[in-house]
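Visitor: A predicted structure for the sequence below; I have some questions about it.
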Amino acid sequence: MKIYNAGPIITGLIIFLGLLTFPFWYGLGDAASAPEPELDTPAIAQLPEKQCVEDTAFMRSNHMELLSEWRQGVVREGQTFYLATSGQTYEMSLENTCLKCHSSKARFCDQCHNYVRVQTDCWTCHVEPKEVR
């Protein structure tokens, strides 16, 4: 059995497979270690115990869901306080709770968000914090 136009067909298949697998091999070698957010702001330095509203592992993987729940609770349901798993109560406020300690948006927020290539919409409603060192 003879395949007609075998050259163009094989060339087309190779190009197709190259385009199909492009996203996988394009990123090879680009992997960099995850950034470590800087925690040396004046507010954090004054804290007797370096504790966020939840533990570090939870905040690294779930902070966006937590902030989304806070937004929903404050804006839609009128809730203003969050009861942490530690039993401590925090005000549900990006500006008065989160940014009180994490005052450097560039050195804390942007560092990780740029690494994972996500854009937040926090600053469409909230005032971007002034850099405090």
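Guide: Sure, I can see it. Numbers count the residues shown, from 1 in each chain.

Visitor: who are the neighbours in contact with residue 91?
Guide: Applying CB atoms under 8 Å, 6 or more residues apart in numbering to residue 91 gives the contacts 80, 81, 82, 97. From N, CA and C alone the C-beta is placed, and that goes for glycine too.

Visitor: Report the separation between it and residue 83.
Guide: When CB to CB, to the nearest Å is applied, the distance between residue 91 and residue 83 equals 12 Å.

Visitor: out of the contacts of residue 91, which is most surrounded?
Guide: Neighbour counts for the contacts of residue 91, by other CB atoms under 10 Å, peak at residue 82, which reaches 19 neighbours.

Visitor: Any idea what it is bridged to?
Guide: According to DSSP bridges, residue 90 are recorded as the beta-bridge partners of residue 82.

Visitor: Who are the contact partners of residue 44?
Guide: Residues near residue 44 by CB under 8 Å, 6+ apart: 50, 101, 102.

Visitor: Going along the chain, name the helices of this protein.
Guide: Remark: helices of the chain, listed N- to C-terminal, are 6-26, 42-46, 56-71, 77, 99-101, 110-115; assignment by DSSP state H.

Visitor: Pull out the buried positions in the helix-or-strand element of the chain with minimal mean pLDDT.
Guide: Taking mean pLDDT, DSSP states H and E as the measure, the chain has helix 42-46 as its least confident helix or strand, at a mean of 80. Going by neighbour count (16 or more other CB atoms under 10 Å), the buried part of helix 42-46 is residue 44.
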